[in-house]
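In: Could you work out the structure for the sequence below:
(one chain, ligands or ions: 1)
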Amino acid sequence: MENLSNIGVIKDVLSRHGFSFSKALGQNFLINPSVCPRMAELSGAGEGVGVLEIGPGIGVLTNELLKLADKVVSVELDKRLIPVLEETLGEYDNFKLINADVLELDLNKVINEEFDGMDVAVCANLPYYITSPVIMKLLEDKLPVKSITVMVQKEAALRLTAKDGTRDSSAITIAVRYYAEPELLFHVSRGSFMPSPNVDSAVIRLNLREPLYRPKDEKLFFKVVKAAFAQRRKTVLNSISSALALDKNAVSDILKEAGVEPSARAERLTVEDFGRIADAFYESAAL
Ligand code: SAM
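Out: Okay, the predicted model is just below:
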């Protein structure tokens, strides 16, 4: 459908379908016509590329992705949007809608079945109530994708693209940096959405790559990261020993073995620091 980012057209489609926004499903739809083309362009959608989208809403971003990519598969939880999307995107034969909860879906299976022989990119204006779990799932499922381009709350964007070892760093910063090179692409004001949320947003892209550090045990690595950030105001020694119920002297020795100062705060540590701590735990068999 032409002019899908025009607010008059959007209001008309929604009212004809008797659609009311669900706050619980994070439904803030884009109405700023300049955002979706820019986001689709920067997502890597193009010839030979299949795009996996999460939460198409009424299909504003999907429409732009479909103009560029070979195929778009969108996962939408709200079944009331099925007839709406049939109307707005019905003209495309390279679009597929999956009515499911993205957190419950086997995304590797979807990609294998739907994007045979294509490069794959993920692109989404995420429902903000599940930003972190969706991003963690996209990373931990080790999907064969080149990049993940997502709109998130501005504060989340800063955390997700923070440099490890700096003040904005958190457990998810380390997870992102472990799997990918993050970039903050552009800011989007709250007025670009209907209904307008009470926070601003930003679009980020995670360019996936091989981990910079290969810990001996990946699960142990993430356990240590989580423990170190469990009480981020405390020292890494206190946070790890209390979160994992371990003897302080033993943890102190392990940190020193890894070349990390026990009095440091977790936010000051890099992926490599956490890698060495996890490996020192592995060698000591304390966990
Ligand atoms: N892409 C549209 C846009 O930019 O206007 C809509 C974005 S809106 C922020 C988020 C969308 O995600 C909504 O359509 C909502 O119904 C959908 N959604 C919410 N929870 C979901 C889930 N667990 N799985 C799949 N889709 C979900």
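In: Which residue, other than its chain neighbours, is closest to residue 277?
Out: Spatially, and ignoring its direct neighbours in sequence, residue 277 is nearest to residue 258 (4.4 Å; C-beta to C-beta, 6 or more residues apart in numbering). Quick note: C-beta positions are derived from backbone N, CA and C, even for glycine.
In: how about the one you found, what does it touch?
Out: 273, 276-277, 279-280 (C-beta atoms under 8 Å, 6 or more residues apart in numbering).
In: Please apply the same query to residue 284.
Out: Residue 284 sits next to 250, 253-254, 257 when contact means C-beta under 8 Å, 6+ apart.
In: go on, residue 138?
Out: 107, 122, 145, 148.
In: do residue 5 as well
Out: Counting by C-beta under 8 Å, 6+ apart, residue 5 has contacts 30-33, 35-36, 60, 63.
In: Could you tell me how many residues sit around the residue nearest to residue 238 when sequence neighbours are not counted?
Out: The shortest distance from residue 238 to any non-neighbouring residue, by C-beta to C-beta, 6+ apart, is to residue 231 (7.0 Å). As a burial measure, residue 231 scores 16 neighbours (other C-beta atoms under 10 Å).
In: Isn't residue 231 up against residue 240?
Out: No: assessed by C-beta atoms under 8 Å, residue 231 is found out of contact with residue 240, at 9.5 Å.
In: Could I get the buried residue list for the strand or helix carrying residue 181?
Out: Residue 181 is part of strand 180-188, with elements assigned from DSSP states H and E. Neighbour counts over strand 180-188 (16 or more other C-beta atoms under 10 Å) mark 180, 182, 185, 188 as buried.
In: just checking, what packs against it?
Out: helix 35-42, strand 147-153, helix 154-161, strand 201-208 (3 or more C-beta pairs under 8 Å, 6 or more residues apart in numbering; DSSP states H and E).
In: Quick one: closest of the ones you listed to residue 246.
Out: Set against residue 246 and scored by C-beta to C-beta, the helices and strands packed on strand 180-188 come closest in helix 154-161, at 27.3 Å.
In: Next, the buried residues of that closest one.
Out: Using 16+ other C-beta under 10 Å as the test for burial, helix 154-161 gives 156-157, 159-161.
In: sorry, back to before: tell me which of the contacts of residue 5 is nearest to residue 47?
Out: Nearest member of these to residue 47, counting by C-beta to C-beta, is residue 63, at 17.7 Å.
In: ok, now which ones touch the closest residue to that closest one other than its chain neighbours?
Out: Once flanking residues are discounted, residue 63 sits nearest to residue 4: 4.9 Å by C-beta to C-beta, 6+ apart. With contact taken as C-beta under 8 Å, 6+ apart, residue 4 is in contact with 10, 58-60, 63, 88.
In: Verify the contact between residue 230 and residue 241 for me.
Out: No: look at residue 230 against residue 241 with C-beta under 8 Å: they stay out of range, at 10.5 Å.
In: Same drill for these two, tell me which one is more crowded.
Out: Neighbour totals were compared for residue 230 and residue 241, and residue 241 leads with 22 against 16 (other C-beta under 10 Å).
In: Wait, that one touches residue 249, no?
Out: No: taking contacts as C-beta under 8 Å, residue 241 lies outside contact range of residue 249: 9.1 Å.
In: thinking again about what came up before, keep only the contacts of residue 5 that also lie close to the ligand.
Out: 30, 60 (C-beta under 6 Å from any ligand atom).
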